[in-house]
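Asker: I need the structure of the sequence given here:
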Amino acid sequence: MELIRMAASQTKDKSGKELAPIMLALITNANKKGIRFTSDEIHLILEILKEGKSKEEQAQIDRMITMVNTMIKKHTT
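Answerer: This is a model prediction of the structure:
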């Protein structure tokens, strides 16, 4: 929960493009602490981050989700 709060504070007022490194850092830090987010948990976090964003920013976040999912798959295979 602490990691999610940290990510939320770091992503406030960020564009979709700026979210990717923050989300990767969140996932990496969680993994180092032995925390593994499920796909559903990551999806929920990203949906929360999309709230209040413009359609364009939401689309950027969706693209970022695809990129993060690709990176996660590379790191877990």
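
Asker: quick one, what contacts the spatially most central residue of the chain?
Answerer: Closest to where the C-alpha atoms of the chain average out (CA atoms, centre = their mean) is Met23, at 3.5 Å. Contact partners of Met23, counting by CB atoms under 8 Å, 6 or more residues apart in numbering, are Ala7, Ile45, Leu46, Met64, Val68. Every residue, glycine included, has its C-beta placed from N, CA and C.

Asker: just these: which are in strands?
Answerer: Using DSSP state E, no member of the contacts of Met23 falls in strands.

Asker: how about Leu26, nearest residue that isn't a chain neighbour?
Answerer: Ala7 (4.4 Å; CB to CB, 6 or more residues apart in numbering).

Asker: from Lys55, how far out is Met71?
Answerer: As for Met71, its distance to Lys55 is 25 Å (criterion: CB to CB, to the nearest Å).

Asker: okay, these two: which has more neighbours?
Answerer: Met71 (14 against 7; other CB atoms under 10 Å).

Asker: give me the below-cutoff pLDDT ranges for the protein.
Answerer: In the predicted model of the chain, residues 1, 3-4, 16-17, 20, 75-77 satisfy pLDDT under 70.

Asker: mind listing what's buried in the longest helix along the chain?
Answerer: Scanning the chain for the longest helix, with DSSP state H as the assignment, gives helix 55-76. Going by neighbour count (16 or more other CB atoms under 10 Å), the buried part of helix 55-76 is Glu57, Gln58, Gln60, Ile61, Met64, Ile65, Val68, Ile72.
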